[in-house]
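Enquirer: All I have is the shape, not the residue letters:
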């Protein structure tokens, strides 16, 4: 039988998405809803969409390396050097699909019993409370 650690029970639903689900349900009933674009929709610049479509048409789809494609990791390393004056090897850069997987990976790496993990407040969950 699969058992989770006791602390797992403290993880609740992300409030922002609960609010979004409720707003979508009310909208489906014909109610006028005003909700932050950061929760419900991502504003995407047309250039990004066009670049994504071009990449797909050029055959850039499917699986990528788990830590990100090398040209992007190299670009991040160059940007860090330019903006923060630190030298970082692209081998030490990991591209993640958002903040939640990054937090999850960090907690997995450092969250052993007895470890103290500091988390900022307000955080992404407290904005919808």
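Expert: Looks like it arrived, so ask away. Small disclaimer: the values here were computed from a predicted structure and weren't measured.
Enquirer: Going by C-alpha atoms from here, please, whenever you check contacts or count neighbours.
Expert: Noted.
Enquirer: Count the residues that sit near residue 106.
Expert: Here the number of neighbours of residue 106 (other Cα atoms under 10 Å) works out to 12.
Enquirer: looking at it, residue 77 is touching residue 91, isn't it?
Expert: No: here residue 77 does not reach residue 91: they are 9.1 Å apart, not a contact under Cα atoms under 8 Å.
Enquirer: Looking at these two, which one has more neighbours?
Expert: Shown here are residue 77 and residue 91; by other Cα under 10 Å, residue 77 has more neighbours (19 against 11).
Enquirer: gap between the more buried one and residue 117?
Expert: 27 Å (Cα to Cα, to the nearest Å).
Enquirer: Also residue 22?
Expert: For residue 22 relative to residue 117 (Cα to Cα), the value is 32 Å.
Enquirer: likewise residue 66?
Expert: Residue 66 is 25 Å from residue 117, by Cα to Cα.
Enquirer: Ok, residue 46 next?
Expert: 39 Å.
Enquirer: what does residue 82 give?
Expert: Distance from residue 82 to residue 117, by Cα to Cα: 30 Å.
Enquirer: check contacts around residue 88.
Expert: Residue 88 makes contacts with 77, 80-81, as judged by Cα atoms under 8 Å, 6 or more residues apart in numbering.
Enquirer: same thing but 10 Å
Expert: The neighbours of residue 88, taking Cα atoms under 10 Å, 6 or more residues apart in numbering as the test, are 74, 76-81.
Enquirer: Over to residue 86?
Expert: 77-80.
Enquirer: Including secondary structure and pLDDT, could these go into CSV?
Expert: Shown next, in CSV, are the contacts of residue 86 (DSSP: H, G, I helix; E, B strand; the rest coil; pLDDT from 0 to 100):
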residue, secondary structure, pLDDT
77, helix, 95
78, helix, 96
79, helix, 94
80, helix, 94
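Enquirer: Of those, select the buried ones using a PyMOL command.
Expert: In PyMOL, the members of the contacts of residue 86 classed as buried (16 or more other Cα atoms under 10 Å) are selected with the following command:
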select buried, resi 77+78
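Enquirer: Perfect, that will be all.
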